[in-house]
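> Here you go, sequence then predicted model.
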Amino acid sequence: MNTRHLLSVAFFAVSSLSITPAFAAQKTVTLDIPGMDCEICPITVRTALKKLPGVISATAAPQTKEEVVVYDDTKTNIKQIMNATAQAGYPSTVKGAQAK
């Protein structure tokens, strides 16, 4: 009985170590992408962003020429996200006060 209990506690302890690091944070940034002006542009931008490790989602708003990106800040950052859009042919800037 003690061995079974000990194994259960050990399994729980080891499995909890594989949980996301305590300092990982999911963040959101909104990018202004003035060159995003056709139906294919948002698909191209989203495809480029999704190739970047740490990008969780990328959602376009073609009417306002914006892209909302949710990302893991332990794997990527705003500069890398902006570089990805530029490499795809769509230079971007951070919208509003998020540029800090």
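Alright, I've got the coordinates.
> Out of the helices and strands in the chain, which is least certain?
Least confident helix or strand, the chain: helix 2-16 with a mean of 51, by mean pLDDT, DSSP states H and E.
> C-terminal to that one, which secondary structure element comes first?
strand 26-32 (DSSP states H and E).
> Low-confidence bits of the chain, can you list those?
1-24, 97-100 (pLDDT under 70).
> Identify the residue nearest the geometric centre of it.
Central residue of the chain (CA atoms, centre = their mean): residue 71, 1.9 Å from the mean position.
> Show the contacting residues for residue 47.
Residue 47 sits next to residue 88 when contact means CB atoms under 8 Å, 6 or more residues apart in numbering. Just so you know, the C-beta spots here come from the backbone N, C-alpha and C atoms, and that holds for glycine as well.
> what helix or strand is it on?
Taking DSSP H and E as the definition, residue 47 sits inside helix 41-50.
> same deal with residue 57?
strand 55-61.
> tell me which strands and helices whichever helix or strand comes after that strand is in contact with?
Following strand 55-61 in sequence order, the next helix or strand is strand 66-72 (DSSP H and E). Here strand 66-72 touches strand 26-32, helix 41-50, strand 55-61, helix 78-87, going by 3 or more CB pairs under 8 Å, 6 or more residues apart in numbering; DSSP states H and E.
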